[in-house]
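K.L.:
I'll drop the sequence and a predicted model, then ask my questions.
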Amino acid sequence: MHQEKLSGCPMHMKTPDHRPKNTDDVPAHQERAYEFVACPVKPGASQLKDDIDPSNMMPPPNQQPSPDQPFPLSTVREESSIPRAHSDKKWVYPSEQMFWNAMLRKGWRWKDDDITSEDMTNIIKIHNQNNEQAWKEILKWEALHAVECPCGPSLMRFGGKAKEYSPRARIRSWMGYELPFDRHDWIVDRCGKEVRYVIDYYDGGEVDKNYQFTVLDVRPAFDSLSAVWDRMKYREVWKIHEAPRSTLIRPCREFCSSIRFPVRLKQKLGAQHLKPGRKEDYQKETHGITFRIQISVKGLLDTDVILKLLFHLPVNYPSILPDISVNSDQLTRAQCMDVKDKLLEQAKKHLSEPMVHDLILWIQQHLKYVIKQSATVCSEKTTLSSGTSTEDGIWMILLHLDHMRAKAKYVKTVERWASDLRLTGRLMFMGKIILILLQGDRSNIKEYMILQKTSKVDVDSSGKKCKEKMMSVLCETQVQSRHRRFQTFEVKEYSTLAELQKEFETAGLTALFSEFVPPLLK
């Protein structure tokens, strides 16, 4: 049917020898491509004269109909979602006419029984969707560097290398797997740092209704220690969930991210290869992928909180929200659920566009607020919040802890909290009785209560909402003139009840001791 089989993407083929080589640079007329976005091409010789590309003194890349072209083709160019480096604009995809002429340059010739204008429309949709999905894969890797590049990555340039197989592709072929039908190298700007990504494209069977039929293997090239480290973390960060699939994409079982992404213009461009396939074929291919990200975020009092985030991206992501799981040794289960709910709320705002990178940045900036808001709701159940919200003078609170398993760690934590919040008082141990007596500004005492209720200090406290079972408020009152003002916060051990009682009497808290401490011995 064709005079020559097509291999790789015709838009990214190597240019003939008589033309300047520009394979890896920005495609010609990206700067003026917006003139053709949702706008017919301007006819006449003036276009050829006015649209000369100053970078290579060439006219617009094949927007003119070719000789003997059997039908007219659109010159409209679609804007992508891929940000261009050093610009506030996005990359713009080629038109149907540009793609047609690119195929001609590569040796393909049209025959009467060959493709139609409708097929060219499908080809463009496949090509564009392929690049969109490739960018989404890159964003998943770039999410690992959200801290160093908060503004997000952008695409500098790219090139097709269909015949230059990557080392991984060759190793796979030695093992009996098929070689990829195409390869691209994308150069990404990570906030001033150039990062090269290698993309291998594998045949994934029929085209589905979303113009998807290719499996992408996207990974950073071994050009730097950072890329090597990312690849070393690959199996820990990316957890692949696979379902039974056809033999066409079986080779990617060990190496690909196993989501079917639309990519390719098949070697034979007959219409039978370009129309969407059955929905059920698409659904049985894969369940999507899951990956984990661990980040350090500042919590209350600027303490470090290690968040372990798990994102499950369904096959139709980002048209469908991801499943999110949140875990942290420094947060309670209730707080982790609150963080998850807030992330899902933010995800809804980014529906239909890549969102993982934005979600990570958002939680890094707002975790402290989420924790504090969660703790405020929780503390409404305690006697501390039953009175007025702000009152003058020094306040005092007596807390009882029913146990303390990690004692050394717990004591250091309580001492640090008291110091940071300028609270004085005592942490008192007498047998199995554990009491905390605090004095200071009421707002600081409230802040301490939030920390006490929401920070995982003891190993068995994570499953208790607000930790009511572990801690109880025995008394909260304003410091009176008869009460002694503590100057420091001290940790004390008492061997007898009498010694503990004397401590209370010295502080002018005899009535407090008599009312609350003896019942704890029962």
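P.N.:
Thanks, I have it.

K.L.:
Number of residues surrounding residue 179?
P.N.:
Residues lying near residue 179 (other Cβ atoms under 10 Å) number 14. C-beta here means a position set from N, CA and C on the backbone, and glycine is covered the same way.

K.L.:
Quick check: which ranges of the stretch 351-500 of the chain have low pLDDT?
P.N.:
373-392, 456-469 (pLDDT under 70).

K.L.:
nope, the stretch 51-200 of the chain is what I was after
P.N.:
Looking along the stretch 51-200 of the chain with the criterion set at pLDDT under 70, you get 51-62, 112-113, 176.

K.L.:
go again using 80 as the cut-off
P.N.:
51-63, 105-115, 162-163, 172-177 (pLDDT under 80).

K.L.:
just the stretch 201-350 of the chain next, same as before
P.N.:
203-214, 226-227, 229-292, 298-303, 315-318, 329-334.

K.L.:
show me where it has strands.
P.N.:
214-220, 238-242, 260-261, 286-298, 304-313, 323-327 (DSSP state E, counting those that start in this stretch).

K.L.:
Next secondary structure after the helix or strand hosting residue 492?
P.N.:
Using DSSP states H and E, the element containing residue 492 is strand 489-494. Using DSSP H and E, the next helix or strand after strand 489-494 towards the C-terminus is helix 497-506.

K.L.:
So which residues make contact with that following helix?
P.N.:
If you take Cβ atoms under 8 Å, 6 or more residues apart in numbering as the criterion, helix 497-506 is touched by 426, 428, 430, 433, 484, 492, 494, 510, 512, 513, 517, 521.

K.L.:
Can you add neighbour count and distance to residue 339 and give those residues back as TSV?
P.N.:
Below are the contacts of helix 497-506 laid out as TSV (neighbours: other Cβ atoms under 10 Å; distance: Cβ to Cβ, whole Å):
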residue	neighbour count	distance to residue 339
426	21	34
428	21	34
430	21	38
433	16	35
484	13	42
492	13	37
494	17	40
510	14	45
512	18	38
513	19	41
517	21	38
521	10	40
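
K.L.:
Looking at these, which is nearest residue 77?
P.N.:
Set against residue 77, the nearest of the contacts of helix 497-506 by Cβ to Cβ is residue 426 (73.5 Å).

K.L.:
Around the closest residue to the closest one other than its chain neighbours, count how many other residues there are.
P.N.:
Closest residue to residue 426 apart from its sequence neighbours, by Cβ to Cβ, 6 or more residues apart in numbering: residue 437 at 4.7 Å. Using other Cβ under 10 Å, the number of residues around residue 437 comes to 23.

K.L.:
Residue 423: neighbour count?
P.N.:
Using other Cβ under 10 Å, residue 423 has 23 neighbouring residues.

K.L.:
show me the contacts for it.
P.N.:
Applying Cβ under 8 Å, 6+ apart, the residues contacting residue 423 are 417, 438, 439, 440, 444, 445, 448, 489.

K.L.:
Taking these, tell me the two that lie furthest apart.
P.N.:
Spatially, the most separated pair among the contacts of residue 423 is 417 and 439, at 13.9 Å (Cβ to Cβ).

K.L.:
Strands along the stretch 401-522 of the chain, start to end?
P.N.:
Using DSSP E, counting those that start in this stretch, strands in the stretch 401-522 of the chain cover 424-430, 433-441, 471-478, 489-494.

K.L.:
Dump those to JSON lines, plus distance to residue 308.
P.N.:
JSON lines is the format used below for those (distance: least, Cβ to Cβ, whole Å):
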{"stretch": "strand 424-430", "distance to residue 308": "31"}
{"stretch": "strand 433-441", "distance to residue 308": "30"}
{"stretch": "strand 471-478", "distance to residue 308": "26"}
{"stretch": "strand 489-494", "distance to residue 308": "32"}
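
K.L.:
among these, which is nearest residue 92?
P.N.:
So among the strands of the stretch 401-522 of the chain, strand 433-441 is nearest, using Cβ to Cβ, at 59.2 Å.

K.L.:
ok so, going back, name the helices or strands packed onto the strand holding residue 492?
P.N.:
Applying 3 or more Cβ pairs under 8 Å, 6 or more residues apart in numbering; DSSP states H and E, we find strand 489-494 packed against helix 407-420, strand 424-430, helix 497-506.

K.L.:
Just send the ones you listed back as a markdown table, with distance to residue 470 too.
P.N.:
Converted to a markdown table, the helices and strands packed on strand 489-494 look like this (distance: least, Cβ to Cβ, whole Å):
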| stretch | distance to residue 470 |
| --- | --- |
| helix 407-420 | 11 |
| strand 424-430 | 15 |
| helix 497-506 | 21 |
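
K.L.:
ok so, going back, can you select the buried ones among the contacts of residue 423 for me in PyMOL?
P.N.:
Entered in PyMOL, the line below selects the buried ones among the contacts of residue 423, by 16 or more other Cβ atoms under 10 Å:
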select buried, resi 417+438+439+440+444+445+448+489
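
K.L.:
circling back to that earlier point, just put the contacts of helix 497-506 in a markdown table and tack on distance to residue 93.
P.N.:
Compiled in a markdown table, the contacts of helix 497-506 are given as follows (distance: Cβ to Cβ, whole Å):
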| residue | distance to residue 93 |
| --- | --- |
| 426 | 70 |
| 428 | 71 |
| 430 | 75 |
| 433 | 72 |
| 484 | 77 |
| 492 | 73 |
| 494 | 77 |
| 510 | 82 |
| 512 | 75 |
| 513 | 78 |
| 517 | 76 |
| 521 | 78 |
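
K.L.:
before we move on, back to that, show me what the residue nearest to residue 426 bridges to in the sheet.
P.N.:
Residue 437 has the following beta-bridge partners by DSSP bridges: residue 398, residue 426.

K.L.:
so it sits right up against residue 395, yeah?
P.N.:
No. Residue 437 is not in contact with residue 395 according to Cβ atoms under 8 Å; the separation is 11.8 Å.

K.L.:
list residues touching both of these two?
P.N.:
In contact with both residue 437 and residue 395: no residue, using Cβ under 8 Å, 6+ apart.

K.L.:
what about the residue nearest to residue 80 when sequence neighbours are not counted, distance to residue 160?
P.N.:
Leaving aside its sequence neighbours, residue 80 sits nearest to residue 91 (Cβ to Cβ, 6+ apart; 4.6 Å). Going from residue 91 to residue 160 by Cβ to Cβ, to the nearest Å gives 15 Å.

K.L.:
any idea how far residue 183 lies from residue 169?
P.N.:
For residue 183 relative to residue 169 (Cβ to Cβ), the value is 7 Å.

K.L.:
what about the two, which has more around it?
P.N.:
residue 183 (23 against 20).

K.L.:
in the helix or strand that contains that one, what counts as buried?
P.N.:
Here residue 183 is covered by strand 182-190, with elements defined by DSSP H and E. By 16+ other Cβ under 10 Å, the buried positions in strand 182-190 come out as 182, 183, 184, 185, 186, 187, 188, 189, 190.

K.L.:
Any idea what residue 190 is bridged to?
P.N.:
Beta bridges link residue 190 to residue 193, judged by DSSP bridges.

K.L.:
wouldn't it be in contact with residue 144 here?
P.N.:
No. Checked against Cβ under 8 Å, the pair residue 190 and residue 144 is beyond contact range at 10.6 Å.

K.L.:
Common neighbours of the two, please.
P.N.:
With Cβ under 8 Å, 6+ apart, residue 190 and residue 144 have no common neighbours.

K.L.:
could you list every residue that touches residue 310?
P.N.:
Under the criterion of Cβ under 8 Å, 6+ apart, the neighbours of residue 310 are 290, 291, 292, 324, 325, 326, 327.

K.L.:
sorry, back to before: outside of the strand holding residue 492 itself, list whatever touches it.
P.N.:
Strand 489-494 is contacted from outside by 411, 415, 418-419, 423-430, 438, 500, 503, using Cβ under 8 Å, 6+ apart.
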